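Visitor: Quick check, what structure comes out for this input:
(chains A and B)
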Amino acid sequence: MLRLYDSLTHDVRELELRDQNRVSMYTCGPTVYDLPHLGHGRYTLVWDAVRRWLTYNGLEVDFVSNITDIDDNIINRAAREGKTEAEVAAEYEQHWWDAMDAIGVARPTHIPHATQYVAEMVELIDKLIADDVAYRTSDGVYLDVSKVEGYGGLAGQSLESLQVGARIEANLEKRSPFDFALWKAAKPGDPTWPAPFGDGRPGWHTECVVMSLGLLGPDFDLHVGGQDLRFPHHENERAQAIAAHTPFARRWAHSGWVMVGEEKMSKSLGNFTSLTDMIAKTDARAYRLLVLRSHYRSPIEVSAATIDDAERGLARLDSLARRFDVPTTWSDFARRPDGLSPRALELDAAVTLLLDDDFNTPQALALIFEAVSEANATADRGEQSDAESLALACTYLLAGMGLNLRRAESTIDEESQSLARERDAARAAKDFARSDALRDELVNKGWIVEDTAAGTSLRRAL
RNA sequence: GGCGGCGUGGCCGAGUGGUUAGGCAGGGGCCUGCAAAGCCCUCCACCCCGGUUCGAAUCCGGGCGCCGCCUCCA
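Guide: Just a heads-up that it's a prediction; the model follows:
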């Protein structure tokens, strides 16, 4: 069973499933008011890989990721562009899924939208007010964090110690700077929902706690997300569950930053690259490789240089798929392939051990890269069946992390196709001047030209 | 101020008290009509200073430097 670093207990521990053979897993999805950036790409890739790995190991994974379709940023954008909030949300949700499809992140099992859970949120807030852990102000309803046992657990600090560094609070009605809005009172022009404590709209932290518990039920297994949501967002979700006496996530796991130079990539610093742009220029699988090549909790450096580097590494993996006639994609492997050689089984076991130990994808990939060399060398010696078995283990394990290798270009234009055939004819006639001229022509058209047993093969240059 | 993390070879990036991480890039060779891909070999390392130890890049102490959180942020 997978062991992960738990952000609440601050140690690596095994998942303890609430239901046998079934994993309940939640992550906060995007607020849909802008294009997704590389940071979104990283966290979705990391947790997609974890989800797939659990699935590969025979578990059924209920994976919930919400869409926050109402918040200040959406309202502002709608006002600026003369659209409704719903239009803005729909537009950027579409961009989100386009990007997710492009990087190969599988759809969650459930995709709750915040605006469809407002009634449940109102119910929770009502209960918190009745229990006197939440209070009303002129602009909404706030949770009184001083009444929450263990507030600060995810931050790794006590409330008192958090107070020391708190910035000056503008809202004088709040009892503590860490009290947060469960409900924002209606403002003219904003979308509002009715509530016994005054019309308005839900606060962000309330959305996630209601949707996760609503779909996965109390005491679900794993709550994941990017580091920057750890505090205060996740802390505040947890605080509401505690205040409502509802068992919440059994485990918390967080993935690291995307760095640009020495700085964290973030919306507030404005130093972000949109995922949409990156995908347009790069084989999106290279980004997955880049992400998996470092530990999920470490910061990763994303630059033109590191992306190029990953693309070249990916090319090496793809060359394995070109050489061996083995299945290579997630959908090819409903379960572990049968009849693997002892060496292939050994690789599988070693990789499994590493991934189960806090999802050590970099070491697992190192083993796979070594196995790729070994498979090639084995085939060079003519031991085709052993080589193929090892290659199969590689493609199977990579697919288990969501990395699907590719064989050849799916589309080669007719002109290039015919140049390649001409070149084959010239080579057969030993007219090398002619065949080299044809190769130059193909290279100029952006192809990498390789000789294979089946004749000239073309693939796209990086 | 509090809390957390990091400092590894040209670049990215793991890891362990003694044994090659891995990838990319560089050098040499094999293969090839020549290439490409592949294979083999190879250069380059663990911020500084003490300590523990037979032995530390790995443990302890002290420095220095960097990053993050404590506010919306994946």
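
Visitor: The helix or strand where residue A:123 lies packs against which elements?
Guide: Element membership for residue A:123, per DSSP states H and E: helix A:118-130. Judged by 3 or more C-beta pairs under 8 Å, 6 or more residues apart in numbering; DSSP states H and E, helix A:118-130 is in contact with strand A:134-137, strand A:140-143, strand A:180-185, strand A:200-202, helix A:204-216, helix A:235-243. For every residue, glycine as well, the C-beta is placed using N, CA and C.

Visitor: Can you list the strands that the third one pairs with?
Guide: Using DSSP bridges, strand A:180-185 pairs in its sheet with strand A:140-143 (antiparallel), strand A:200-202 (antiparallel).

Visitor: Check the offset of the shortest one from the chain's centre.
Guide: If I follow you right, that is strand A:200-202. In terms of C-alpha atoms, centre = their mean, to the nearest Å, the centre of strand A:200-202 is found 29 Å from the chain centre.

Visitor: near RNA strand B, anything from it?
Guide: No. Shown here: strand A:200-202 not in contact with RNA strand B (C-beta under 7 Å from any atom of the strand), separated by at least 12.9 Å.

Visitor: Mind listing the residues bridging to the closest residue to RNA strand B within the stretch 201-350 of chain A?
Guide: Residue nearest to RNA strand B within the stretch 201-350 of chain A (C-beta to the nearest atom of the strand): residue A:226, separated by 2.0 Å. Note on residue A:226: beta-bridge partners by DSSP bridges are residue A:255.

Visitor: And for residue A:37?
Guide: residue A:274.

Visitor: Would you confirm that residue A:68 contacts residue A:29?
Guide: Yes. Using C-beta atoms under 8 Å, residue A:68 is in contact with residue A:29, at 6.9 Å.

Visitor: Surely residue A:294 touches residue A:300?
Guide: Yes. Contact criterion C-beta under 8 Å: residue A:294 and residue A:300 qualify, at 4.8 Å.

Visitor: didn't the residue of the stretch 201-350 of chain A closest to RNA strand B look like it was pressed against residue A:37?
Guide: No. Counting by C-beta under 8 Å, residue A:37 is not a contact partner of residue A:226; they are 11.3 Å apart.

Visitor: Kindly list the main-chain dihedrals of residue A:251?
Guide: phi -140, psi 150 (degrees, to the nearest 10).

Visitor: Spit out the contact partners of it.
Guide: Applying C-beta atoms under 8 Å, 6 or more residues apart in numbering, we find residue A:251 in contact with A:4, A:6, A:8, A:13, A:15, A:221-223.

Visitor: if you set the cut-off to 6 Å instead, what comes out?
Guide: A:6, A:222 (C-beta atoms under 6 Å, 6 or more residues apart in numbering).
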